[in-house]
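> quick one: sequence and predicted model below, then my questions.
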Amino acid sequence: MSADTHADLIITGRVATLGGDAGFGWQGGLAIADGRVLAVGDESALDPLAGPGTRRWRLADDLVVMPGITDAHLHLMTLVLAEQQIDLTGTDLDTALAAVGSRHREMLAAGDGEGWLLGHGWSLHELGGWPDTQMLESVAPHRPIALYSHDHHTRWVSRRALAVAGISSSSVDPDGGLIRRDGEGAPTGILHEVASALVDSAIPSPTTEDLTAAMERVAAHLAGLGLTGCHDPGELTADSAIERGPLFYRSLAARGRLPLRVHSSVRAPQLDRAIELGLFSGQGTPPEVDGDRMLADRAARYRMGWLKLFADGSLGSRSAALLAPYEDAETNPPTGGPTGMILTEARELAELLGRAAAAGISGQVHAIGDAAVRSVLDVFAAAPVSTRLMRRIEHAQLVDPADMTRFGELGVAASLQPVHLRSDAVPARVAWGLRTENTFPLRALVEGGALIPLGTDAPVEPADPWPGIAVAVARRDPFRVDDQVTGAHHAVSLARAVRAACLDPAIVADEPLLGRLISGYRADLLVVPAESFREPFDAAAFARIRPLATMIDGEVVHRSDAFEG
């Protein structure tokens, strides 16, 4: 920008710039030009930047400006695909079956007697036990059905779905997966981990046009929540051609149609194709038309992410790998054995991560149980850092105290979703006992020098980022004042939690102009209620935040009717 550049917009009012090494970095306003922050300061410092076309937002005392939030673990494509699926979140068995039956009848009324019925969100805890094919047959006979569990690590499928996918008593469990069977060896309709992919080839893919339209709707919803970007770790079962991952986002970005920032990762089945295509971490795409600043900014919203691998399963599917057995292993056997299930052995992790790194692709590894976390840290410790993007462990839900400082020592980010404490605290106490106090150990990780980019794991949890930030501070369900606090010694301050939601994802993704509102940075920002930032901290008020305005590159992508800026 030249010295005589005039601001497109001047905002006066309290601004949490996140400048400096800690705290909110409060300033009295900011000026924006060409999609960047031109300057920050009080009104007298910003007034000289005004020109004939400068707009002004004079914020009331009850509003503040803060950087846009980047969800560091949001399955964006899964959210897009789930838009047309039934949502079974929070349902008991009878309610879930009623929802399936209702959708089945709707499809029949529309003349669809054989199409797939897809859904997500059910949980073992809510259903009271593992469901089976007969339950689905009773409400939707002869219909191919595939329903992801709440954690997306298990699928509940119908008899017809098993038949179409060729899954029978003679089928062999795939590596890293398990077909649940009855006493005679017949599949019950529950497919764990990698086995959940066995039905994928039989499910028709949506068209690019349908995906693009759904993406726009989902992005508008996310902007209304305050999300300006996300790190998409990909679908649980990815296709080897990468049709719905980086190539889709890259195409949208080049045409100026990617509505938010996306770092898009690939999965193990896609690695060979990614290397063949020359994809590498941090890689972007040029706009289809040169010389258009706005189009160039929109093209820059896409970046290639990481190689996403899995070390273990999950708490919800009772397949997280632990150093010691589950507390209730004798009465409620975990999936895979008393200590859970390792999905990818350390030697294979090292081989895959090494091949990826040689091609310039960094690694992110799902590890929920303390045994899996230690295994991944050991693998990272033995491998040199050779890529632009920071290596990361996804979830790190249960970390042994001996391993908490190793993240910082190794330069490994802990990509955490504290919002899981709302639904996981009770089953974790049953399964993990006193170890539950070491779930999501944010403070210890920060004190050990680690970055802690926060996310929601949507659609496992809702994409709303505010409850998770509140949980990082309060360590309980923000909407239930009587909820038991879990691991109070691992709480962080509100300022550190906000930085973890805005700035840490940018640093981990090597985005040096994101996550702060200081001169030269991209103007990705939110206007939110000031009351939620006041002391003493009100977890419920903070968790209910809804931005009045959201900007990406200085462009308003969400604006509430109540906002008069």
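Sure, I can see it. Numbering: from 1, shown residues only.
> can we go C-alpha only for contacts and neighbour counts from here?
Will do.
> helices of the stretch 151-300 of the chain, start to end?
159-165, 208-225, 246-254, 271-277, 293-299 (DSSP state H, counting those that start in this stretch).
> distance between the ends of stretch 42-54?
Start and end residues of stretch 42-54 are separated by 16 Å (CA to CA, to the nearest Å).
> quick one: closest of the helices of the stretch 151-300 of the chain to residue 74.
Shortest distance between residue 74 and these, using CA to CA, is found for helix 208-225: 10.8 Å.
> list the contacts of that closest one.
79-81, 83, 228, 259-260, 463-465, 546-547, 549-550, 557-559 (CA atoms under 8 Å, 6 or more residues apart in numbering).
> then stretch 272-292?
With contacts defined as CA under 8 Å, 6+ apart, stretch 272-292 is touched by 240-242, 250, 253-256, 266, 295-296, 298-300, 302-306, 356, 359-362, 387-389, 509-510.
> go through that stretch and flag the buried ones.
274, 275, 279, 280, 281, 282, 283, 284, 285, 286, 287 (16 or more other CA atoms under 10 Å).
> next: stretch 175-182.
For stretch 175-182, using 16+ other CA under 10 Å, the buried residues are 176, 177, 178, 179, 180, 181.
> would a markdown table of those residues with pLDDT and distance to residue 329 be doable?
Putting the buried residues of stretch 175-182 into a markdown table (pLDDT from 0 to 100; distance: CA to CA, whole Å) gives the following:
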| residue | pLDDT | distance to residue 329 |
| --- | --- | --- |
| 176 | 80 | 20 |
| 177 | 86 | 20 |
| 178 | 91 | 18 |
| 179 | 95 | 20 |
| 180 | 95 | 17 |
| 181 | 96 | 19 |
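> now, which of the buried residues of stretch 272-292 sits nearest residue 33?
Of all those, residue 287 has the smallest distance to residue 33: 20.6 Å, by CA to CA.
> now the closest one: how far from residue 300?
Distance, residue 287 to residue 300, by CA to CA: 8 Å.
> so what sits against both of the two?
Common neighbours of residue 287 and residue 300 (criterion: CA under 8 Å, 6+ apart): residue 253.
> residue ranges with poor pLDDT in the stretch 151-300 of the chain?
236-239 (pLDDT under 70).
> okay, and the residue with the largest distance to the centre of the chain sits in which element?
Ranking residues of the chain by C-alpha distance from their mean position (CA atoms, centre = their mean) puts residue 52 at the top, at 42.2 Å. For residue 52, there is no helix or strand it lies in under DSSP states H and E.
> do residue 520 as well
Assessed by DSSP H and E, residue 520 sits outside every helix and strand.
> let's have the chain start at 197 instead
Yep, numbering from 197; the last one is residue 716 now.
> report pLDDT for it.
pLDDT, residue 716: 97.
> coming back round to it: if any of the contacts of helix 404-421 are buried, put those into a ChimeraX selection.
Provided next is the ChimeraX selection string for whichever of those are buried by 16+ other CA under 10 Å:
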select :275,276,277,424,455,456,659,660,661,742,743,745,746,753,754,755
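> now, which of the contacts of helix 404-421 lie within strands?
Using DSSP state E, 424, 745, 746, 753, 754, 755 are the members of the contacts of helix 404-421 that sit in strands.
> from what I can see the third one touches residue 723, true?
Yes. Residue 746 sits in contact with residue 723 when judged by CA atoms under 8 Å, with a separation of 6.7 Å.
> hang on, the earlier thing: and the buried residues of stretch 468-488, which two are the farthest apart?
471 and 483 (22.5 Å).
> in the stretch 547-696 of the chain, which spans are strands?
For the stretch 547-696 of the chain, strands defined by DSSP state E, counting those that start in this stretch occupy the ranges 559-563, 588-591, 609-611.
> can you list the strands that the longest one pairs with?
Under the criterion DSSP bridges, strand 559-563 sits next to strand 498-506 (parallel), strand 588-591 (parallel) in its sheet.
> now it: mean pLDDT?
Taken as a whole, strand 559-563 carries a mean pLDDT of 98.
> same question, stretch 200-214
The pLDDT scores in stretch 200-214 average 94.
> what is the end-to-end distance of that stretch?
Across stretch 200-214, first to last residue, CA to CA, it's 27 Å.
> just the residues contacting it, thanks.
Contacts of stretch 200-214 (CA under 8 Å, 6+ apart): 220-230, 234, 238-239, 242, 245-247, 249-257, 259-263, 695, 699, 711-714.
> do that again at 6 Å, thanks
220-229, 245-247, 250-255, 260-262, 712-713 (CA atoms under 6 Å, 6 or more residues apart in numbering).
> how about it: buried residues?
202-214.
> what's the farthest-apart pair in the residues you listed?
The span of these, defined through CA to CA, is set by 202 and 214 at 24.1 Å.
> including mean neighbour count and distance to residue 540, could the strands of the stretch 547-696 of the chain go into JSON lines?
Putting the strands of the stretch 547-696 of the chain into JSON lines (neighbours: other CA atoms under 10 Å; distance: least, CA to CA, whole Å) gives the following:
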{"stretch": "strand 559-563", "mean neighbour count": "27", "distance to residue 540": "10"}
{"stretch": "strand 588-591", "mean neighbour count": "27", "distance to residue 540": "14"}
{"stretch": "strand 609-611", "mean neighbour count": "27", "distance to residue 540": "19"}
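> dump those strands to a markdown table, plus distance to residue 420.
Shown next, in a markdown table, are the strands of the stretch 547-696 of the chain (distance: least, CA to CA, whole Å):
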| stretch | distance to residue 420 |
| --- | --- |
| strand 559-563 | 28 |
| strand 588-591 | 25 |
| strand 609-611 | 23 |
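> the ones you listed: which one's closest to residue 329?
strand 559-563 (29.3 Å).
> quick one: contacts of the closest one?
Looking at what lies outside strand 559-563 - CA under 6 Å, 6+ apart - the contacts are 502-508, 569, 587-590, 592.
> ends of stretch 439-459, how far apart?
Using CA to CA, the end-to-end distance of stretch 439-459 comes out at 16 Å.
> any idea how far that stretch is from the middle of the chain?
17 Å (CA atoms, centre = their mean, to the nearest Å).
> equivalent analysis for stretch 637-654, please.
From the chain centre to the centre of stretch 637-654 is a distance of 14 Å (CA atoms, centre = their mean).
> that one: which residues count as buried?
Going by neighbour count (16+ other CA under 10 Å), the buried part of stretch 637-654 is 637-642, 645-654.
> just those residues now: which is nearest residue 302?
The closest of these to residue 302 turns out to be residue 654 (CA to CA; 26.8 Å).
> skipping its backbone neighbours, what lies nearest the closest one in space?
Spatial nearest neighbour of residue 654, excluding adjacent residues (CA to CA, 6 or more residues apart in numbering): residue 270 at 5.1 Å.
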